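Enquirer: show me how the following folds:
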Amino acid sequence: MSDLKPFATHLPNSTAAMAGERIHGYMLFVDRDGVRHAVRPGAVICLSDADDCRDTTAIQLPGARIIFVAASLDDVLATFP
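Expert: Predicted coordinates for the structure are as follows:
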């Protein structure tokens, strides 16, 4: 899993927000492929540990979409209101 992007790194655009930051009612997550996801907090169906090391979290969204972020479940939960 060394290809995972850190949870709180700056995104390529210098004016971009940081992963895990709330912007205009959305929460920004960066998955392991580097794809940014702006998600409304109420749209999250489930959060869970994605591995035994507990350093990756699975975020389930509507439509059976799951994104994986390189952060512990506790870190991800701390970003929610």
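
Enquirer: need the contact partners of the helix or strand Ala58 falls within.
Expert: Assigned by DSSP states H and E, Ala58 falls within strand 57-61. The contact list for strand 57-61 (Cβ atoms under 8 Å, 6 or more residues apart in numbering) reads 29, 39, 43-50, 66-69, 71-73, 75-76. Bear in mind the C-beta positions are built from the backbone N, C-alpha and C, glycine included.

Enquirer: run the chain-centre distance for that strand.
Expert: 8 Å (Cα atoms, centre = their mean, to the nearest Å).

Enquirer: and that strand, which residues are buried?
Expert: For strand 57-61, burial by neighbour count (16 or more other Cβ atoms under 10 Å) applies to Thr57, Ala58, Ile59, Leu61.

Enquirer: next one: stretch 60-72
Expert: Here stretch 60-72 shows Leu61, Ile67, Phe68, Val69, Ala70, Ala71, Ser72 as buried, counting by 16+ other Cβ under 10 Å.

Enquirer: for this structure, give me the ranges with low pLDDT.
Expert: 1-19 (pLDDT under 70).

Enquirer: what residue lies at the spatial centre of it?
Expert: Phe29 (3.3 Å; Cα atoms, centre = their mean).

Enquirer: quick one on the thing from earlier: what does the helix or strand that comes right after the strand holding Ala58 rub up against?
Expert: Next along the chain after strand 57-61, taking DSSP H and E as the criterion, comes strand 65-69. Defining contact as Cβ under 8 Å, 6+ apart, one finds that strand 65-69 is touched by 4, 7, 19, 29-32, 35, 37, 50, 56-61, 76.
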